[in-house]
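1. how would this look folded up:
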Amino acid sequence: MRPTTIPCLIALALAACTSIDAREPSKPLASGNTTDTDPKPDPKTNPKPKPPEPVASAVQIAIASVTLDQDCPDPEPPASPSPSTPSVAEDMPPSQPAKRAAPMPPRPGEAPSVVAYRRACPPSTLQLRFTNTGKAPAAVRIASIQLHDVHSKAVLAPVTARLPAAFSDAGAYTPWDERLAAGTEFHASYRLTPPDWSTVETKLGGASSRGRELELEVTFEIDGKPMTVRSPAFIRPPEIIMPPT
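-> Modelled structure (predicted):
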């Protein structure tokens, strides 16, 4: 081989290596202690934290019974006579009640007249059992009452409550301030204002509301926190006609 051929071959080899290096871009070397390559959590796919479990209330409420029919007048509070002023009636002998003429009996084959009878007014009431197992008193309030149809689960009408009363040791209901003492269990009662029954029967498709299975959904507030309780199924009783007393 000629001496001039060797330098030419070396020059060609260096030119080929330079062209190959120019086609391949330089890649940075990964550092051993970098964290840029770690996958980052996607906020869209990251699950939301679970809400805290609700703390069980120290107050338990159970609906014992419901009577819902008519809106009867509230009982009048007992009148307390003044001790300084004696009543004139106390010195008078009790007067005999006036005798009421008995209604005429029906003639043979004739049905008794309905005019001689009056309608009874059974009060609409909500009977409850309260239990406070906590160490502090609690304030109770009825926030709302909804009347439901048991079969269709439809909301029929709102119902309002009034005159809270607690069952005392004397065996009678007395006015109640809706305060639950700590560590107590007792029964309470509310008077209910029934709904417009014609509106209820319209929602029932024209069917009678008497004899229909109904239920109440009562939402209470215990120290401002809501608690919803459903009543057992009940029916609107049939209309009662009673003779005069």
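
2. from residue 162, how far off is residue 123?
-> Distance from residue 123 to residue 162, counting by Cβ to Cβ, to the nearest Å: 11 Å. In this view, the C-beta of every residue, glycine as well, is placed from N, C-alpha and C.

3. now list whatever residues contact both of these two.
-> Contact criterion Cβ atoms under 8 Å, 6 or more residues apart in numbering; residues shared by residue 123 and residue 162: residue 191.

4. so these two - more neighbours on which side?
-> Between residue 123 and residue 162, residue 123 has the larger neighbour count (other Cβ atoms under 10 Å), namely 17 against 10.

5. chain neighbours aside, what residue packs nearest to the more buried one?
-> Leaving aside its sequence neighbours, residue 123 sits nearest to residue 72 (Cβ to Cβ, 6 or more residues apart in numbering; 4.4 Å).

6. now do the contacts for the one you found.
-> Residue 72 touches 121-124, counting by Cβ under 8 Å, 6+ apart.

7. quick one: end-to-end distance for stretch 211-227.
-> Start-to-end span of stretch 211-227 (Cα to Cα, to the nearest Å) is 29 Å.

8. which of the contacts of residue 72 count as buried?
-> Buried members of those, scored by 16 or more other Cβ atoms under 10 Å, are 123-124.

9. the contacts of residue 72: which two are farthest apart?
-> With Cβ to Cβ as the measure, no two of those lie farther apart than 121 and 124, at 9.7 Å.

10. list the buried residues of stretch 158-165.
-> 159, 161, 164-165.

11. so which of those is the closest to residue 213?
-> Among the buried residues of stretch 158-165, and counting by Cβ to Cβ, the member closest to residue 213 is residue 159, at 16.0 Å.

12. how about the closest one: what's its closest non-neighbour residue?
-> Closest residue in space to residue 159, ignoring its immediate chain neighbours: residue 145 at 4.2 Å, by Cβ to Cβ, 6+ apart.

13. my guess is that neighbour meets residue 157, correct?
-> No: the criterion here is Cβ atoms under 8 Å, and residue 145 misses it with residue 157 at 9.7 Å.

14. these two: which is more packed in?
-> residue 145 (23 against 16).

15. quick one: contacts for that one?
-> Here residue 145 is in contact with 126, 158-161, 192, 216-219 (Cβ under 8 Å, 6+ apart).

16. and what of residue 140?
-> Per Cβ under 8 Å, 6+ apart, neighbours of residue 140: 59, 61, 130, 178-180, 220-222.

17. if you rank those residues by neighbours, which is first?
-> residue 180 (25 neighbours).

18. so what sits opposite that residue in the bridge?
-> Residue 180 has the following beta-bridge partners by DSSP bridges: residue 138.
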